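>>> could you look at this predicted model? Sequence included:
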Amino acid sequence: MEVQMYSPDYLAILVAGFIPMIIGALWYGPLFGQKWMAMMGKTEEELKEGFNPLKSYGVTFLMSLFMALVLAHVLQAWDEAYTVTGWAAGMQGGFFSWLGFVVTVGWQNVSFEGQKMGVYLLNMAYNLVALLAMGALLGVWR
């Protein structure tokens, strides 16, 4: 049996990597920024102290690229197993990735680090929206 390696469309991965950044800028900015800061018990000035944009945004973008790459592989496997493609299949892949990995791993912050439930829920909703959007894009364009 010959093993074929899946080669994702790296331009699609790159574009999908920007999705969490764009959604995050809106989510933690004009949409829910004030609420998030209040739940964190922080002021804007406190958040800016010692903030390194290159480190924060650069590493976050790298993580977004990894997430897009893995999601593309998951969607490819679904396509090969079930012959499903398109935006709806991509969103389904994003949803189940969120439910199975993001929600469960994120809960550790509540259980063991004392993260407030409101912060957890706000972060989980952001991750859901980001993964659904990434999945829709990758489902159509991979």
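Sure thing, it's come through.

>>> what packs against the longest helix seen in the chain?
Counting by DSSP state H, the longest helix found in the chain is helix 53-82. Counting contacts by 3 or more CB pairs under 8 Å, 6 or more residues apart in numbering; DSSP states H and E, helix 53-82 packs against helix 10-26, helix 87-97, helix 117-140. Using the backbone N, CA and C atoms, a C-beta is placed for each residue, glycine as well.

>>> mean pLDDT, mean neighbour count and distance to residue 72 added to the ones you listed, as a markdown table?
Formatted as a markdown table, the helices and strands packed on helix 53-82 follow (pLDDT from 0 to 100; neighbours: other CB atoms under 10 Å; distance: least, CB to CB, whole Å):
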| stretch | mean pLDDT | mean neighbour count | distance to residue 72 |
| --- | --- | --- | --- |
| helix 10-26 | 97 | 17 | 6 |
| helix 87-97 | 96 | 20 | 9 |
| helix 117-140 | 98 | 20 | 5 |
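
>>> out of the ones you listed, nearest to residue 105?
Distance to residue 105, taken as CB to CB, is lowest for helix 117-140 among the helices and strands packed on helix 53-82, at 10.3 Å.

>>> just the CA coordinates for that closest one, please, in CSV.
The C-alpha trace of helix 117-140 is given here as CSV (Å, rounded to 0.1, in the frame of the first residue of the first chain):
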residue,chain,number,x,y,z
MET,A,117,-16.1,31.5,34.5
GLY,A,118,-17.0,34.6,32.6
VAL,A,119,-13.5,34.9,31.1
TYR,A,120,-13.5,31.3,30.2
LEU,A,121,-16.9,31.6,28.4
LEU,A,122,-15.9,34.8,26.6
ASN,A,123,-12.6,33.1,25.5
MET,A,124,-14.4,29.9,24.4
ALA,A,125,-16.9,31.9,22.4
TYR,A,126,-14.1,33.8,20.6
ASN,A,127,-12.3,30.5,19.8
LEU,A,128,-15.5,29.0,18.5
VAL,A,129,-16.1,31.9,16.2
ALA,A,130,-12.5,31.9,15.0
LEU,A,131,-12.5,28.1,14.3
LEU,A,132,-15.8,28.2,12.6
ALA,A,133,-14.6,31.0,10.3
MET,A,134,-11.3,29.2,9.7
GLY,A,135,-13.1,26.0,8.9
ALA,A,136,-15.4,27.6,6.5
LEU,A,137,-12.5,29.2,4.6
LEU,A,138,-10.5,26.0,4.6
GLY,A,139,-13.5,23.9,3.6
VAL,A,140,-13.9,26.0,0.5
